[in-house]
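# how does the following fold in three dimensions:
(5 chains, ligands or ions: 31)
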Amino acid sequence: MLTLLFYNKVESLKVYHDITEIKNKIYNLKNGIFWLDLVSPGDEEVSLLKEVFQFHPLAIEDCLYRLQRPKLDEYDNYFFMVMHAFSHHSAKEPVEFDAFISNNFVITFHWAPLSFIDGLVDRFVKNPVVFEKGVDFLLYSITDALVDEYFPLLDDIEDRLSEIEETTFKHPDRHLPSRIFDIKRDILNLRKTLSAQREVFNLLLRHDFPFIREESRLFFMDVYDHIFRLFDTVDMFFERASGALESYLTVVSNLTNEIMKVLTVFTAVMMPLSLIAGIYGMNFKYMPELSWRLGYPFALLLMVLTALGLLYYFKKKNWI
Amino acid sequence: MLTLLFYNKVESLKVYHDITEIKNKIYNLKNGIFWLDLVSPGDEEVSLLKEVFQFHPLAIEDCLYRLQRPKLDEYDNYFFMVMHAFSHHSAKEPVEFDAFISNNFVITFHWAPLSFIDGLVDRFVKNPVVFEKGVDFLLYSITDALVDEYFPLLDDIEDRLSEIEETTFKHPDRHLPSRIFDIKRDILNLRKTLSAQREVFNLLLRHDFPFIREESRLFFMDVYDHIFRLFDTVDMFFERASGALESYLTVVSNLTNEIMKVLTVFTAVMMPLSLIAGIYGMNFKYMPELSWRLGYPFALLLMVLTALGLLYYFKKKNWI
Amino acid sequence: MLTLLFYNKVESLKVYHDITEIKNKIYNLKNGIFWLDLVSPGDEEVSLLKEVFQFHPLAIEDCLYRLQRPKLDEYDNYFFMVMHAFSHHSAKEPVEFDAFISNNFVITFHWAPLSFIDGLVDRFVKNPVVFEKGVDFLLYSITDALVDEYFPLLDDIEDRLSEIEETTFKHPDRHLPSRIFDIKRDILNLRKTLSAQREVFNLLLRHDFPFIREESRLFFMDVYDHIFRLFDTVDMFFERASGALESYLTVVSNLTNEIMKVLTVFTAVMMPLSLIAGIYGMNFKYMPELSWRLGYPFALLLMVLTALGLLYYFKKKNWI
Amino acid sequence: MLTLLFYNKVESLKVYHDITEIKNKIYNLKNGIFWLDLVSPGDEEVSLLKEVFQFHPLAIEDCLYRLQRPKLDEYDNYFFMVMHAFSHHSAKEPVEFDAFISNNFVITFHWAPLSFIDGLVDRFVKNPVVFEKGVDFLLYSITDALVDEYFPLLDDIEDRLSEIEETTFKHPDRHLPSRIFDIKRDILNLRKTLSAQREVFNLLLRHDFPFIREESRLFFMDVYDHIFRLFDTVDMFFERASGALESYLTVVSNLTNEIMKVLTVFTAVMMPLSLIAGIYGMNFKYMPELSWRLGYPFALLLMVLTALGLLYYFKKKNWI
Amino acid sequence: MLTLLFYNKVESLKVYHDITEIKNKIYNLKNGIFWLDLVSPGDEEVSLLKEVFQFHPLAIEDCLYRLQRPKLDEYDNYFFMVMHAFSHHSAKEPVEFDAFISNNFVITFHWAPLSFIDGLVDRFVKNPVVFEKGVDFLLYSITDALVDEYFPLLDDIEDRLSEIEETTFKHPDRHLPSRIFDIKRDILNLRKTLSAQREVFNLLLRHDFPFIREESRLFFMDVYDHIFRLFDTVDMFFERASGALESYLTVVSNLTNEIMKVLTVFTAVMMPLSLIAGIYGMNFKYMPELSWRLGYPFALLLMVLTALGLLYYFKKKNWI
Ligand SMILES: [Mg+2]
Ligand SMILES: [Mg+2]
Ligand SMILES: [Mg+2]
Ligand SMILES: [Mg+2]
Ligand SMILES: [Mg+2]
Ligand SMILES: [Mg+2]
Ligand SMILES: [Mg+2]
Ligand SMILES: [Mg+2]
Ligand SMILES: [Mg+2]
Ligand SMILES: [Mg+2]
Ligand SMILES: [Mg+2]
Ligand SMILES: [Mg+2]
Ligand SMILES: [Mg+2]
Ligand SMILES: [Mg+2]
Ligand SMILES: [Mg+2]
Ligand SMILES: [Mg+2]
Ligand SMILES: [Mg+2]
Ligand SMILES: [Mg+2]
Ligand SMILES: [Mg+2]
Ligand SMILES: [Mg+2]
Ligand SMILES: [Mg+2]
Ligand SMILES: [Mg+2]
Ligand SMILES: [Mg+2]
Ligand SMILES: [Mg+2]
Ligand SMILES: [Mg+2]
Ligand SMILES: [Mg+2]
Ligand SMILES: [Mg+2]
Ligand SMILES: [Mg+2]
Ligand SMILES: [Mg+2]
Ligand SMILES: [Mg+2]
Ligand SMILES: [Mg+2]
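Numbers count the residues shown, from 1 in each chain, chains lettered A, B, ... in the order given. Ligands and ions are numbered 1, 2, ... in the order given. Down below sits the predicted model:
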């Protein structure tokens, strides 16, 4: 699907979805600036990139062939930016988000609908002031919204982590490790994405890009700060996930200990009692106790005392 | 709450808390320098930043939206600094501490009362000499006091660590790991904060900031040294916490060993005795020992000797 | 074997395999460009490098002596590039792939047949357009094809990894660790190769090489992107393999736990029953229960109740 | 205590300890060079730094407030160096060693007596040639001696390490881990110190310090080499200490194995024998074996054969 | 021992061992170039360095005092290089190999005979062409031969590693860990040496040394390549050694598991049988089974069925 937000001072902001109208609008462009968003475009729509805008085949190939790492390539009179976006529509899996930026347009390209894009379009239609501020501020608004979508994702991971951490010490079951490994992998993937994305903004800030005015640098710096904070958080999540696994292992090894203690106490207490019973079960002719009037109670008493003695010993050892 | 410390050569230092007076003072400012501290400010107080000082919306947003990483942003005729402070009032959780620095003022902003700020105000009221030395020395005094607050915090962590280390070898209980993981997380958080804060001062020293005179660099270098030393200490704490966990695991695995030995010795000693009793409990018609006069004492002696032999064997094996 | 693809505007592309023809062609070369591929060459064929092209003995030695690290050496009027290739013919083991690049030729050298080279020759014969675009685009086509061969290799590793991960939690057997160590080694080797290869392309892009035109840089950048993505993937594989080993160890330690529980429950339930039987097997004269009419059922009942009580206790402990 | 070594060509080297004489000497200084050493100075002695030499308050504060990281600060016409020294007097704990270097003096400051300083004073008194070579060579002699004191310290750590390594495989007792953790901490502390100290000399060599002549650079390079070698050695010690802990853990886990085998063999051999005894202890009326003439020997033989069979099985399993 | 290889165009190459002759030759040197090798020199031989060549005392001290890290120091009209050599004569322990390089000589110094030096001398005597190519090519020949000696050393380590890896899974015995720790230490030492040596050649290539002509750079680059490859290999060895230890630990923990299973199966099968025997060994007056004609076979059958049932259960659990 195509969405063109076309702005000039006379007509203010207008929205177009029809490809013929869009082509028309672009060919007769003077003085305006526009944002064209392509979501899961068909072949004819993709061909706009090649035929109307004449972008480099390698950049177009990067759009079509997924999944690129976040990066920033400079071409002759535009630059090409790859980011990873997340969306309410497609939880968890990153969506490649490509952007072409020139002196009077931003073109964005993605293979899945993105909630933050829908939100932005609505916002711009209501209040087109962003377009007055120029192409760099438009790009800032888009990337800022893209990065803001990471925060709920991280909250989600934090919830899962907290639940895992609680479970570890309360009800460690043997499915916990596989849950920890799952979350660790999610965190590592996110960390990789954020690290490359941070690099992209770092480049955007350090390098002197033609369509980014000095006064807009501060805004991109703010996005960079957000990414940095996300990265810090994800880093800390990784430490916590590793800690959860270690905790689980100490819990398991404590449990083994516990079981061994129960086994040892049981065995050590029962065996002497069985021996006493065994002794008085021997068939020797001459065993004085056997004919004692109180032989039986005496044997039982012996057993009880032995048991109590052993239990006291293990109590002192802090095993029970 | 607002606190304005306003200084000029004629009137020396005066303190104001009322917003109208403060606005008045600032608008009619000539030749003086001042420090304005905003703690948990209300909307009207926050609006000072925007309307009176006309700071950049992004910097104001950073103040309002917590929690920023420590950083240093340069704007047209002021710079904006984010640090993390700790306070007796709010133990353990870092408080974002923001500062705007210009050629004749320092404005600080924080959402919680900070004990070191109260102390500084008292000190400056008694002895306003700092204000004579200029805005950079004022900033140094504030940041130096902020960093000094970290030391008791670290002493506190060191106490907890020492207690954990002692417990590990003396009374390892199964709640120890979770205490170690807690302290490790606290240490990691502190380490992150200090690392970013070190970066801020590094920037302040390397970069040529307009309001920091060459002769004040040495003072900021001293703060930098303190942060570096704190960082070193925290680093060492992390190693110690990791060591404590490893220790705990070796203690637990030694304990398992110990339990296994007790179990093995018990089992290995009792089983043969039970077998002897079992043998003399068999009902064969022709068992000569059964009719021996001393058959019973003989059997008991056999048991005692067997037991002693086995105990000697385990003694030699160093198991008991 | 030798393959010469010789191109000039008049004759278009021609293929030669005979060494005498090839020498002839090269000596009488004007205006054309060519690609000469040497695969497992004999002594006479190798001597072309020395006698006809007069390459540096160290570069020739690098070709002959395997296995070099990927690298890029600049000589007076050519440069020498070492890469690692993979092939359908020789699965898994990397094949050293050497290339000499000058202003009008590319010479490639390898000791094993490579499927992607065969594919390229076929493609160029059908469509010689690449040769029109110059030596740098020819080199790009070759290296792009070389790098594309890594993708199926990684898919293969991913399949093995996924199988291992599934096995870990479902049927962990004791041969799993050695399979994990095998895959880890393969991954590490691949990682090393890719890391050096990435460095080679980085050099090619940063450094100003005489035969690489500015407009071709973008194409080599694309190859560099692919290598980077491969590297990222391999990195993630390494994390997964490490995770699989950790998983296996937690599974084993859980299993030990499980076994211990079975042992403890069995022992703890059976021992008291045996004790009861032992007690009623004692030979005391005065044991009232022995002459009870329902003594035997009573003893059996006692056993059943004891057993049930203990099982209930272990049930509550969540051990069964 | 104060020690002044004052040198000029006319009077050669003279030593002073009295503060009034020292002040006198310094105020009337022409053409000479001197070394002033302050060890655990009293207030009046410390005040020399402030009043006579007018050093920066921050540098003086660094002297008084311990313990600084090794560092190098440049002031207007002197530089200030912090190192860590070790001494026979105060084994193991590092002593902060501060030095002020100017064009005609070196002033050193430390809170504990240092054996290498005493040695140097003796040496210089006997042979004042160092003072002829200038202030940089004097500084070199002091720092070289300081660094040389690290070598016996490392020998000591190596002895402890070797003893631990031997013990690990021969008589692993459960106090070993805590000894390993102790030595690891000592090594880590030393590593931190050496790393910062290396940085100081690196700075001294790279940076163009006014009082260090080009021809003396080689000598400081030699000290730098020594520190680098110490650092390498300490690094290797750390690896060895980590290895010792790992060794200990494998030894313990092997021991657990061993104990389990003993338990299993004992249990598996004794239980069947007990069962046989139990069977012939049953009270069935019709049990033919019971009335066999050789029933009892037969039962004993059965037991012996069963035991031998099981022992043979475990022998084959390599458990005994 | 001294060996002087003296070359000039008129006399070609001549070899001298006598110190007086050597001194003579060097003092009357014109137009020639020479290589002087000192192996375990006596005091008089060492004094050549000081008196004839007047090398810097620090460089001479580095020769005499062992063991230096590999390094490269530049002096006024010569440079001083430290490498580590290995030799068939003195397996495993590195030998410090020092070299002084000037515009017309190379002087090498080592405290142990080195096989590759003997080989070089023989080669040069037969074919003095290297001396025609100049001092830099002479140095290249020596360092190339020195580095080539590392390859057999690495093959040796690889053999030991392969043997350890095989043993781990086939016959893990408890001496394996200490063998792994030994090889790990050897690898780490080698890694350190190679890393410093790589740095030396890196310096030699990057820095503009006066006696190394541009055309020789390629040859030193080749030596650098070899060291890099060695380093890569040693790195991989380290990973393999770590893997071997991890393998060993998983093997041991699997074994513990195995033992536990045997113990559990034995205990769980035998205990119920003993209980049955115990029950029918009770002395109750009214126990109907005791007087059954087939009571005894019935009890035995009960035992067999119980045992079979339990064995089937463990079979299903995959424990046997
Ligand atoms: Mg794509
Ligand atoms: Mg990717
Ligand atoms: Mg944002
Ligand atoms: Mg936003
Ligand atoms: Mg912000
Ligand atoms: Mg924002
Ligand atoms: Mg904030
Ligand atoms: Mg943060
Ligand atoms: Mg301070
Ligand atoms: Mg201070
Ligand atoms: Mg200080
Ligand atoms: Mg410092
Ligand atoms: Mg410190
Ligand atoms: Mg090769
Ligand atoms: Mg290699
Ligand atoms: Mg490709
Ligand atoms: Mg391709
Ligand atoms: Mg691409
Ligand atoms: Mg491509
Ligand atoms: Mg101090
Ligand atoms: Mg020294
Ligand atoms: Mg010395
Ligand atoms: Mg030296
Ligand atoms: Mg020395
Ligand atoms: Mg030496
Ligand atoms: Mg060394
Ligand atoms: Mg060095
Ligand atoms: Mg070589
Ligand atoms: Mg060679
Ligand atoms: Mg080579
Ligand atoms: Mg070679």
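# can you give me the domain assignment for chain A?
Following automatic domain parsing, one gets these domains for chain A: A:2-251, A:259-316.
# which regions of chain A sit below the pLDDT cut-off?
A:66, A:89-91 (pLDDT under 70).
# hey, which helix is longest across it?
helix A:214-279 (DSSP state H).
# residue ranges of the strands in the stretch 51-200 of chain A, please?
Secondary structure of the stretch 51-200 of chain A by DSSP state E, counting those that start in this stretch: the strands cover A:71-74, A:79-85, A:95-101, A:105-110.
# chain C is nearest to which of those?
Smallest distance to chain C across the strands of the stretch 51-200 of chain A (C-beta to the nearest C-beta): 6.9 Å, for strand A:71-74. Using the backbone N, CA and C atoms, a C-beta is placed for each residue, glycine as well.
# can the closest one be said to contact chain C?
Yes. Strand A:71-74 lies within reach of chain C by C-beta under 8 Å from any C-beta of the partner chain, at A:71, A:73.
# quick one: buried residues of that strand?
Buried positions in strand A:71-74, judged by neighbour count with 16 or more other C-beta atoms under 10 Å in any protein chain shown: A:71-73.
# ok, and the closest non-adjacent residue to the residue of chain A found nearest ligand 22?
Nearest residue of chain A to ligand 22, counting by C-beta to the ion: A:E239, 44.9 Å away. Using C-beta to C-beta, 6 or more residues apart in numbering or on different chains and skipping the chain neighbours, the partner closest in space to A:E239 is B:L188 (5.8 Å).
# make sure A:I320 is indeed in a helix.
No. Assignment of A:I320 by DSSP: H, G, I helix; E, B strand; the rest coil gives coil, placing it outside any helix.
# A:A268 versus that one, what's the distance?
The spacing between A:I320 and A:A268, counted by C-beta to C-beta, to the nearest Å, is 11 Å.
# who has more neighbours, the two?
Taking neighbours as other C-beta atoms under 10 Å in any protein chain shown, A:I320 and A:A268 compare with A:A268 leading, 20 against 13.
# how far off centre is the longest helix of chain A?
How far helix A:214-279 lies from its chain's middle: 20 Å, per C-alpha atoms, centre = their mean, to the nearest Å.
# could you give the angle of it to helix D:214-279?
30 degrees (axes from the mean of the first three to the mean of the last three C-alpha atoms, to 10 degrees).
# surely A:T108 touches A:F116?
No. Taking contacts as C-beta atoms under 8 Å, A:T108 lies outside contact range of A:F116: 11.1 Å.
# looking at these two, which is more packed in?
Comparing A:T108 with A:F116 by other C-beta under 10 Å, the one with more neighbours is A:T108, at 24 against 19.
# wait, what's in contact with the more buried one?
By C-beta atoms under 8 Å, 6 or more residues apart in numbering or on different chains, the residues touching A:T108 are A:35-38, A:97-99, A:117, A:142.
# on that earlier part again, so for A:T108 and A:F116, which residues contact both of them?
Overlap of the contact sets of A:T108 and A:F116 (by C-beta under 8 Å, 6+ apart) is empty.
# looking at the strands of the stretch 51-200 of chain A, which is closest to C:E258?
Nearest to C:E258 among the strands of the stretch 51-200 of chain A is strand A:79-85; the distance by C-beta to C-beta comes to 41.8 Å.
# where does the stretch 151-300 of chain A get nearest to ligand 28, residue-wise?
A:E199 (38.6 Å).
# show me what contacts A:K192?
C:232, C:236.
# now do it against ligand 23, distance only.
Applying C-beta to the ion, to the nearest Å, the value for A:K192 to ligand 23 is 45 Å.
# so how far is A:A277 from that residue?
In terms of C-beta to C-beta, A:K192 sits 67 Å off from A:A277.
# can I get the domains of chain A in CSV with distance to ligand 9?
Listed next are those as CSV, based on distance: least, C-beta to the ion, whole Å:
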stretch, distance to ligand 9
domain A:2-251, 26
domain A:259-316, 52
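# returning to what we had before: dump the contacts of A:T108 to a markdown table, plus distance to E:R229 and neighbour count.
Formatted as a markdown table, these follow (distance: C-beta to C-beta, whole Å; neighbours: other C-beta atoms under 10 Å in any protein chain shown):
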| residue | distance to E:R229 | neighbour count |
| --- | --- | --- |
| A:W35 | 53 | 26 |
| A:L36 | 52 | 23 |
| A:D37 | 51 | 22 |
| A:L38 | 48 | 21 |
| A:F97 | 42 | 25 |
| A:D98 | 40 | 22 |
| A:A99 | 43 | 23 |
| A:I117 | 51 | 22 |
| A:I142 | 48 | 23 |
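# so which of those is the closest to A:Y296?
Nearest to A:Y296 among the contacts of A:T108 is A:F97, at 86.8 Å by C-beta to C-beta.
# partners of the nearest residue to the closest one once chain neighbours are set aside in the sheet?
Nearest residue to A:F97, sequence neighbours excluded (C-beta to C-beta, 6+ apart): A:A85, at 4.1 Å. Taking DSSP bridges as the rule, A:A85 bridges to A:V95.
# surely A:A85 touches A:V95?
Yes. A:A85 sits in contact with A:V95 when judged by C-beta under 8 Å, with a separation of 4.8 Å.
# higher neighbour count, those two?
Each of A:A85 and A:V95 has its neighbours counted (other C-beta under 10 Å); A:A85 has more, 24 against 20.
# give the contact list for the more buried one.
Counting by C-beta under 8 Å, 6+ apart, A:A85 has contacts A:94-97, A:110, A:114, A:116, A:146, A:149.
# what about the residue of chain A found nearest ligand 29, neighbour count?
Proximity to ligand 29, evaluated over chain A using C-beta to the ion, is greatest for A:R69 at 41.5 Å. A:R69 sits with 20 neighbouring residues when counted by other C-beta under 10 Å.
# how about the nearest residue to it, chain neighbours excluded?
A:A196 (5.0 Å).
# for A:W35, helix, strand, or coil?
A:W35 ends up strand, using three-state DSSP.
# related to what we said a few turns ago, in this structure the residue of the stretch 151-300 of chain A closest to ligand 28 contacts A:P70, no?
Yes. Using C-beta under 8 Å, A:E199 is in contact with A:P70, at 7.2 Å.
# neighbour count for the two, which is higher?
Per other C-beta under 10 Å, whichever of A:E199 and A:P70 has more neighbours is A:P70, with 21 against 15.
# any idea how far A:D98 is from that one?
10 Å.
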